[in-house]
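> this is a predicted model, with the sequence first.
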Amino acid sequence: MLNKKFSKLAVLSLLGVLGLTSCGDSDEIKSHPSNYNDPIITIDNETEKIHNNILKIIEDQFHDGDLPSKTLYKVLYRYAQSVFGAYNKITLADGDTSITLKAAALDANPNLQEHTICDPFIRAHKVYWTYNEKGQHINDDDQDPEKWYVVEDDKNFTPAQSERTRVLSRFNDIEKRIAENMFGKISTGGYTSKHFFKEADYVKSLYDAGQSVIKHTEQAVKDVKPLIIDYTVEDDQVFDSEILHREFYQTNYRIDEDESADVDGVQYHYIEKEIVPQIFSDLLVEQYLLDEESNAVKQSRARLINVIKIEKYSSFHINADLLVKQLVKEIYANKPTGDYLAYVDEYDNPYLDIFEKYEEISKGLKVYDPATVTPVTDETSAEYWNAEQIIYRIHNSRSDAFKYAELRGKAYYENTTYGDLVEDYDEFLSAESFDEIDVSLRNKFTSSGTVSPEEGFDQERISLSQVEAITKGWYVQKSGPSLDSDGTIKSRLFQLSVANNKLEAKNATAEVLKFDNESGLAATDRFVRVNDEWEVREEKAKGENKYLCSVNGSYFLKFEGSYAGSDYVNDIVYDDGSAYYICQVVEAVKDVKLRNSDSDSSYAKTRGQEFLNAVISEVTTKVAETGSYSSLSKEYWLKKMDIKYHDQSVYEYFKSNYPDLFDDEE
């Protein structure tokens, strides 16, 4: 699918990477600075100035530390740049004037008449070339696959648009990983106080550690207000959501900025120095998978899912029972968009918003006085599915469900997690003497006497809001999600037939992709709406596989059990005894979808090259985390480098850890 042939990079270990020069005539392999033997400290008698041999100090620290592994890391990073292209000009080696990935991505715009920057970049980096299933480099610009041709001239060819798209996709992928990496760094550490993240504290910690970031005393940093980071913030949106300000950590970062443009003032390169090298290291592992372990990717059974968990209350779970019934009803009532492929495949789909609404309701965080709600009876209106209408209908059907109450001026529903919090707070404040106060409650609402009770209550409410009941994202079979107590969802999710939907049938036609003009439903849907009632389309329901069903063009896992019984409506719900689960399968990947071919099932044809590239990146990233691929990748790339060693400790390290590299030695 992707290229296996990369030109070798001449790597002289420390000479090229650390800028050191070998010296000495003994048999031992050494690498020292040329002035290594100069005195560490000298005093000039005429000027009385002190001169330090800094290079000797640095060199000794390297040898006393972990020089071999640092050498390996730097060597692999430089090699990764030869494979994918340097991220931007800052990451180029000294004296290197190569076209960068950023410059090529900026020039990859399909609307441009010429691609004078991107095309030479592609010719120099085979990883972006398009190959057919025979491993031949091809041009696939023509919409008719029969007119695709094998590229004979590898030096002067005009790249196909799919290759330019691959360049832009790789740059965008790296940008996404930068955001995710930065989010991961602020998710741990002492930068959050009482649930509020303080970017100024984070910047200060980096600046004090000598990192290339803006000074924490700058006014721009001081002006940033602390804010709450909750589960609604996606990892890759850390800059877009202004949780972090990228200009504090990286100068001239935008893709539409000319890399040759001068930037006034001090420049910051923390991201280039600390984040990008690790990303390129990861990319090498993933490229190794595509080159040498492609079956691990093809057979990963990758799934993109949205799963909601509605917990049952320990002693009173009628709230959860009735709420999940409303959720099922809303899932079936959701109107199709009419764009079948987008509705099936798009991650940002309506069901994610629906799940988040029910998550909040289940905790009791949405509180409305039933006496003030005007009921809406039109099920087709948007207002009918507002949170207050859902709660009103549940309470109206059973008076003890979502029962409204007030304590200490705080409205709540009984028998919800937030309701418990309010009642615990009332118990704490109702104590007539210190001895009557439950120790656990005192600690809970005063943080062991460090905050006021009201502030402690607010902190507990924020904590409750941040407990996520939705599991979303990509998973592969070897590292599937841990959801229900008995593993049923994971077991069913990775069944082979979950990926066997109508789009992948051998006899798939254009008609399969269309909606029925009269009913507005997808051709694969199991239900049809008749006189405001759902009726089973028996021929569709019976034709479903055991694990998956189509609802309004979207796919959901099916379950057998006491909750579902024989009811087609309720079989999308799983009950493990302590909670209810509904799992939407947004994507179910298998080999044929990942092929860059004219197959009717290939993402390249159904969704486009950019989408195919994004899925391949997601899947290989997940697979790379499941085995010893990192170590295998290092050995794979080191064999391609044909390294010459100039340091005995480095030589011994490489020989000990990668003995296959030295099989030819006597």
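Looks like it came in fine. Numbers count the residues shown, from 1 in each chain.

> which parts of the stretch 451-600 of the chain are strands?
Counting by DSSP state E, counting those that start in this stretch, the stretch 451-600 of the chain has strands at residues 470-475, 527-530, 533-536, 548-551, 554-557, 573-575, 579-588.

> got those as JSON lines, with mean pLDDT columns?
Formatted as JSON lines, these follow (pLDDT from 0 to 100):
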{"stretch": "strand 470-475", "mean pLDDT": "91"}
{"stretch": "strand 527-530", "mean pLDDT": "67"}
{"stretch": "strand 533-536", "mean pLDDT": "66"}
{"stretch": "strand 548-551", "mean pLDDT": "83"}
{"stretch": "strand 554-557", "mean pLDDT": "87"}
{"stretch": "strand 573-575", "mean pLDDT": "93"}
{"stretch": "strand 579-588", "mean pLDDT": "92"}
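
> to Tyr412, which of the ones you listed lies closest?
Comparing those against Tyr412 with Cβ to Cβ, the closest turns out to be strand 579-588 (21.1 Å). Where you see a C-beta, it was placed from the backbone N, CA and C, and this is true even at glycine.

> list the strands paired with that closest one, with their directions.
Its sheet considered, strand 579-588 pairs with strand 303-311 (antiparallel), strand 554-557 (antiparallel), strand 573-575 (antiparallel) by DSSP bridges.

> tabulate those in JSON lines, adding columns for distance to Tyr629 and mean neighbour count.
Formatted as JSON lines, the strands paired with strand 579-588 follow (distance: least, Cβ to Cβ, whole Å; neighbours: other Cβ atoms under 10 Å):
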{"stretch": "strand 303-311", "distance to Tyr629": "20", "mean neighbour count": "22"}
{"stretch": "strand 554-557", "distance to Tyr629": "29", "mean neighbour count": "24"}
{"stretch": "strand 573-575", "distance to Tyr629": "33", "mean neighbour count": "23"}
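
> and these as a markdown table, adding distance to Thr71?
Formatted as a markdown table, these follow (distance: least, Cβ to Cβ, whole Å):
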| stretch | distance to Thr71 |
| --- | --- |
| strand 303-311 | 39 |
| strand 554-557 | 49 |
| strand 573-575 | 51 |
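
> among those strands, which comes closest to Tyr418?
Of all the strands paired with strand 579-588, it is strand 303-311 that lies closest to Tyr418, at 12.7 Å by Cβ to Cβ.

> orientation of the closest one relative to strand 470-475 in degrees?
160 degrees (axes from the mean of the first three to the mean of the last three Cα atoms, to 10 degrees).

> can you list contacts of strand 303-311?
320, 323-324, 327, 347, 351-352, 355, 358-359, 362, 469-476, 480-481, 483, 489, 493-494, 498, 578-589, 618 (Cβ atoms under 8 Å, 6 or more residues apart in numbering).

> out of those residues, which are buried?
Buried members of the contacts of strand 303-311, scored by 16 or more other Cβ atoms under 10 Å, are 320, 323-324, 327, 351-352, 355, 358-359, 362, 469, 471-476, 480-481, 483, 489, 493-494, 498, 579-589, 618.

> got the contact list for the nearest residue to Thr130 once chain neighbours are set aside?
Nearest residue to Thr130, sequence neighbours excluded (Cβ to Cβ, 6 or more residues apart in numbering): Ser162, at 5.0 Å. Applying Cβ under 8 Å, 6+ apart to Ser162 gives the contacts Thr130, Asp140, Asp141, Asn596, Ala604, Gln609.

> try Asp107
Neighbour list for Asp107: His115, Thr116, Ile117, Cys118, Phe121 [criterion: Cβ under 8 Å, 6+ apart].

> which residues touch the third one?
Contacts of Ile117 were listed using Cβ under 8 Å, 6+ apart, and they are Ile99, Ala103, Ala104, Leu106, Asp107.

> any weak-confidence spans in the stretch 501-650 of the chain?
Within the stretch 501-650 of the chain, the stretches with pLDDT under 70 are 501-524, 528-536, 538-542, 561-567, 645-647.

> can you rerun that using 80?
For the stretch 501-650 of the chain, the stretches with pLDDT under 80 are 501-545, 552-553, 561-569, 596-601, 604-607, 641-650.

> can you give me the helices in it?
Assigned by DSSP state H, counting those that start in this stretch, the stretch 501-650 of the chain shows helices spanning 538-543, 591-594, 603-606, 609-624, 629-641, 648-657.

> so which of the ones you listed gets nearest Ala302?
Closest to Ala302 of those is helix 609-624 (Cβ to Cβ; 4.4 Å).

> with just CA atoms, put the closest one into PDB.
The C-alpha trace of helix 609-624 is given here as PDB (Å, rounded to 0.1, in the frame of the first residue of the first chain):
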ATOM      1  CA  GLN A 609      -7.600  10.000  -0.300                       C
ATOM      2  CA  GLU A 610      -7.400  12.400   2.700                       C
ATOM      3  CA  PHE A 611      -9.900  10.300   4.700                       C
ATOM      4  CA  LEU A 612      -7.900   7.100   3.800                       C
ATOM      5  CA  ASN A 613      -4.700   8.700   5.000                       C
ATOM      6  CA  ALA A 614      -6.300   9.800   8.300                       C
ATOM      7  CA  VAL A 615      -7.700   6.300   9.000                       C
ATOM      8  CA  ILE A 616      -4.400   4.600   8.200                       C
ATOM      9  CA  SER A 617      -2.700   7.000  10.700                       C
ATOM     10  CA  GLU A 618      -5.200   6.300  13.400                       C
ATOM     11  CA  VAL A 619      -5.000   2.600  13.000                       C
ATOM     12  CA  THR A 620      -1.200   2.300  12.800                       C
ATOM     13  CA  THR A 621      -0.900   4.500  15.800                       C
ATOM     14  CA  LYS A 622      -3.100   2.200  17.900                       C
ATOM     15  CA  VAL A 623      -1.500  -1.000  16.500                       C
ATOM     16  CA  ALA A 624       2.000   0.300  17.300                       C
END
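
> between strand 303-311 and that helix, find me the angle.
Calculated by the same axes, to 10 degrees, helix 609-624 forms an angle of 70 degrees with strand 303-311.

> got a list of contacts for helix 609-624?
Helix 609-624 is contacted by residues 1-2, 161-162, 165-166, 168-170, 173, 282, 285-286, 289-290, 296-297, 300, 302, 304, 345, 474-476, 478-479, 587, 589, 593-594, 596, 602-604, 629-630 when judged by Cβ under 8 Å, 6+ apart.

> selecting buried members of these in PyMOL, what would you type?
Per 16+ other Cβ under 10 Å, the buried members of the contacts of helix 609-624 correspond to this PyMOL selection:
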select buried, resi 1+2+162+165+166+168+169+170+173+282+285+286+289+290+296+297+300+302+304+345+474+475+476+587+589+593+594+596+602+603+604+629
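
> picking up where we left off before, among the helices of the stretch 501-650 of the chain, which is nearest Leu76?
Proximity to Leu76 (Cβ to Cβ) singles out helix 629-641 among these, at 6.3 Å.

> mind listing what's buried in that closest one?
Under the neighbour-count criterion of 16+ other Cβ under 10 Å, helix 629-641 has Tyr629, Ser633, Lys634, Tyr636, Trp637, Leu638, Lys640, Met641 buried.
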